[in-house]
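K.L.:
Could you work out the structure for the sequence below:
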Amino acid sequence: MFERRQEQLDKMLKENTEFRGIYNQHQALEKRVIAAELGTAPIGDLALNQMKKEKLHYKDSLDRMMG
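P.N.:
Model prediction:
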C-alpha cells in the first residue's frame, strides 16, 4: 500500500494510535475483499462494493495522515 514510504509507515504505526487503528481496519477489509474476490468468502456484489469503498476511505485517510 505505501511501499515507497515504508519507513514513514513504520514510524506512524509505532507512534500514532489513531493511524494504527485505521491501518488495522484497512488491513482487515483488504483480507475480506481478497477472500470475496477469490470466492473463499461468499458475499454479494453490493456488499463487496461497499467494502471496497470503505477500504478506499481508510486508505485515503491514511494517505492524508502521512502527508
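
K.L.:
Give me the nearest residue to residue 35, chain neighbours excluded.
P.N.:
By the measure of Cβ to Cβ, 6 or more residues apart in numbering, the closest residue to residue 35 outside its immediate chain neighbours is residue 41, 3.8 Å from it. C-beta: built from backbone N, CA, C; applies to glycine.

K.L.:
That neighbour - how many residues pack around it?
P.N.:
Using other Cβ atoms under 10 Å, residue 41 is surrounded by 13 other residues.

K.L.:
can you offset everything so residue one is 37?
P.N.:
Got it, the first residue is 37 from now on, which makes the last one we talked about residue 77.

K.L.:
That one: what secondary structure?
P.N.:
coil (DSSP: H, G, I helix; E, B strand; the rest coil).

K.L.:
and what of the one 10 residues further on?
P.N.:
Under three-state DSSP, the three-state class of residue 87 is helix.

K.L.:
thought it was touching residue 69?
P.N.:
Yes - counting by Cβ atoms under 8 Å, a contact exists between residue 87 and residue 69, whose distance comes to 5.4 Å.

K.L.:
Pretty sure residue 79 sits against residue 73.
P.N.:
No - shown here, residue 79 and residue 73 do not form a contact pair, counting by Cβ under 8 Å, at 9.4 Å.
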